[in-house]
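J.: When you get a sec, could you give me coordinates for this:
(one chain, ligands or ions: 3)
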Amino acid sequence: MLKIHNLHAKVEDKTILKGLSLEIKPGEVHAIMGPNGAGKSTLGYVLSGRDGYEVIDGQVELKGKDLLELETEERAREGLFLAFQYPVEIPGVSNMEFMKESVNAMREARGEEPLSAAEFLKKAKEACKQVHLPLDFLKRGVNEGFSGGEKKRNEIMQMILLEPSLCILDESDSGLDIDALQVVADGVNSQRSPERSFIVVTHYQRLLDYIKPDFVHILADGKIVKSGDASLALEVEKEGYAWLGGKAQEAD
Ligand code: ADP
Ligand code: MG
Ligand code: MG
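T.: Ligands and ions are numbered 1, 2, ... in the order given. Alright, predicted model coming up:
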């Protein structure tokens, strides 16, 4: 699904990723943990092709294609989904219209027929229910006045509707209450399939009680310093990161 080799990337002349390698097979869930400022969010942004994040060395393949050659939009159409990719408010465009267009663009990219308004509405209603959002939420402007918890639920709803092949969820900076945490976990668990992979970035071992990762990686100072199974998250919870040798940078 995803092969990252020796990735180096910088933001505003500061090198953040310093030789990161990671391989993810279809169906796998990988958790990434690590100290503040290690580069976890940067990794997601670099993969999604966000402006200002410059790759200076290394290769990334998504389903055999050179990801770094693709525009941000093309990456999304290849099935890459980064939660928080659409945090901006779009006044005057309803959540419903926005998602229908996005979903049909994805379907077109996969060579599938577009959904009719009625078909989309049915799916959107189901997804709304799954993430515990009221149906009138679909009529509201994109992200307009959404609370933190609503944004989180909306994000998971987008993931469910878009049916991406690689989902990246960055949960490290969001104050997840227990409800939101369960929505995220349930969203991921319901979408797990042999064809779909996940990268779940988290500070909280707690989230991994609900989402059982196949692998846990510790990212420190711009690279993966240790990988293991789910028990690594428990170890880190107990021991912190210092024993892994990666130096923590200043907190963000
Ligand atoms: P993490 O998600 O692991 O906490 P980040 O990827 O957010 O870490 O940040 C890694 C480092 O990159 C931090 O030192 C942060 O201050 C720096 N950084 C991130 N984005 C920018 C930016 N736009 N401009 C300058 N520095 C940045
Ligand atoms: Mg951070
Ligand atoms: Mg972060």
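J.: quick one: the nearest residue to L2 once chain neighbours are set aside from ligand 3, how far?
T.: Leaving aside its sequence neighbours, L2 sits nearest to I24 (Cβ to Cβ, 6 or more residues apart in numbering; 4.3 Å). Using the backbone N, CA and C atoms, a C-beta is placed for each residue, glycine as well. I24 sits 19 Å away from ligand 3, taking Cβ to the ion, to the nearest Å as the criterion.
J.: I'd say I24 and I168 touch.
T.: No - counting by Cβ atoms under 8 Å, I24 does not reach I168; the two are 10.3 Å apart.
J.: Next, show the common contact partners of those two.
T.: Residues within reach of I24 and of I168 at once, by Cβ atoms under 8 Å, 6 or more residues apart in numbering, are I199.
J.: hang on, the earlier thing: can you give me the pLDDT of the residue nearest to L2?
T.: Among the per-residue scores, I24 shows a pLDDT of 98.
J.: Tell me which of I24 and I168 has more neighbours.
T.: I168 (26 against 19; other Cβ atoms under 10 Å).
J.: Where does pLDDT dip in the stretch 1-150 of the chain?
T.: Counting by pLDDT under 70, the stretch 1-150 of the chain has low-confidence residues at 84-88.
J.: In it, which residue sits closest to ligand 3?
T.: Nearest residue of the stretch 1-150 of the chain to ligand 3: S41, at 3.1 Å (Cβ to the ion).
J.: For burial, what's the neighbour tally of that residue?
T.: Using other Cβ under 10 Å, S41 is surrounded by 18 other residues.
J.: Residues of the stretch 1-150 of the chain that sit close to ligand 2?
T.: Proximity of the stretch 1-150 of the chain to ligand 2 is confined to N36 under the rule Cβ under 5 Å from the ion.
J.: And the helices in the stretch 1-150 of the chain?
T.: Applying DSSP state H, counting those that start in this stretch to the stretch 1-150 of the chain gives helices spanning 40-48, 72-77, 95-109, 117-130, 148-162.
J.: so which of those gets nearest G58?
T.: helix 40-48 (9.7 Å; Cβ to Cβ).
J.: Bridged to the most centrally placed residue in the chain, which residues?
T.: Centroid-nearest residue in the chain, with Cα atoms, centre = their mean: I168, separated by 1.9 Å. With DSSP bridges applied, I168 shows beta-bridge pairing to L82, I199.
J.: how close does it sit to ligand 2?
T.: I168 is 15 Å from ligand 2, by Cβ to the ion.
J.: Could I get the phi/psi values of P194?
T.: With angles defined as degrees, to the nearest 10, P194 sits at phi -60, psi -20.
J.: Do a quick rundown of the strands in the stretch 151-252 of the chain.
T.: With DSSP state E, counting those that start in this stretch as the criterion, the stretch 151-252 of the chain has strands at 166-170, 197-201, 215-220, 223-228.
J.: Could you list the paired strands of the third one along with their orientation?
T.: Going back to what we said before, that points to strand 215-220. Sheet partners assigned to strand 215-220 using DSSP bridges are listed as strand 29-33 (parallel), strand 223-228 (antiparallel).
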